[in-house]
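Participant: pasted the sequence and its predicted model underneath.
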Amino acid sequence: MEPSTRVDSGLAPLIGSRSLTFPKGSVIALVGPPESPTGSVLAQAAAARSTTYYTTKRAPKWTAETVAASTEYPLDVRVEGVCHAPRVGPVRLRREYGDPPQYDEPDTTPPEASEAEDDRFEKLSARLLAHDGDDTGTLVVDDFTDYTDGTRRCLSLLDTIRSVTESLTWLHVVHPTQDHPHAEAVITAADAVCWVERNRDDEAQLAVPRRRGAAPITGPVSLSF
């Protein structure tokens, strides 16, 4: 495979400066238990190139602040609040080396009532299809299991995602539990899976990557936060 067909994950600072690349257009499921530092991994991936970050969080600015706090690297991130749209508009976050984050933010007063899962699914699908960004940029979809109610919707969203980006897509998946019964469908359908795990010393590790149920290509590597 030619080097031009692979994309840098942006995670080298977290894995001892080791390069981690994926084939262009890969959809990567980032899986970890709720207490694991998956947010820092996603933020580091977002710092690698221009990124559109879709989140179900109550206000996009909160997510933008979390992303900004998780890395010291330049950021060019657009945060879309797809749970409470349209009143919660996107936040544009720009940051250069040494500079505080700069926000370009419309009125983002969120409604009190949360939206139904069906609404979140439809809005995310519509936003992805209307994706105005550079198709070479990274997509990050936080809380991905919030949008799916089984294999059909998972595959539908993945087909949409693959149609709008040629770079990398990161899907945040909470470690499979009774509260997230559809996580396995996402993990199975992704092109690669990165697992944020805890070792015996309770340190975060990144097992990278597993391809559709296959054994890891490499062993776990330590993360630095």
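Facilitator: Right, received. Where do you want to start?
Participant: so for the one helix or strand Val173 maps to, what's the average pLDDT?
Facilitator: Per DSSP states H and E: Val173 is located in strand 169-174. On average, the pLDDT along strand 169-174 is 87.
Participant: repeat for stretch 47-56
Facilitator: For stretch 47-56, mean pLDDT rounds to 83.
Participant: tell me where this structure has strands.
Facilitator: For the chain, the strands defined by DSSP state E cover 6-8, 21-23, 27-32, 51-55, 75-81, 91-95, 102-104, 138-141, 169-174, 192-198, 204-210, 221-222.
Participant: out of those, which is closest to His131?
Facilitator: strand 51-55 (6.8 Å; C-beta to C-beta). In short, each C-beta sits where N, CA and C put it, glycine included.
Participant: would you turn the strands of the chain into JSON lines with mean neighbour count and distance to His131?
Facilitator: Formatted as JSON lines, the strands of the chain follow (neighbours: other C-beta atoms under 10 Å; distance: least, C-beta to C-beta, whole Å):
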{"stretch": "strand 6-8", "mean neighbour count": "16", "distance to His131": "17"}
{"stretch": "strand 21-23", "mean neighbour count": "16", "distance to His131": "20"}
{"stretch": "strand 27-32", "mean neighbour count": "22", "distance to His131": "15"}
{"stretch": "strand 51-55", "mean neighbour count": "27", "distance to His131": "7"}
{"stretch": "strand 75-81", "mean neighbour count": "24", "distance to His131": "10"}
{"stretch": "strand 91-95", "mean neighbour count": "20", "distance to His131": "15"}
{"stretch": "strand 102-104", "mean neighbour count": "13", "distance to His131": "18"}
{"stretch": "strand 138-141", "mean neighbour count": "24", "distance to His131": "8"}
{"stretch": "strand 169-174", "mean neighbour count": "25", "distance to His131": "11"}
{"stretch": "strand 192-198", "mean neighbour count": "20", "distance to His131": "22"}
{"stretch": "strand 204-210", "mean neighbour count": "20", "distance to His131": "24"}
{"stretch": "strand 221-222", "mean neighbour count": "14", "distance to His131": "32"}
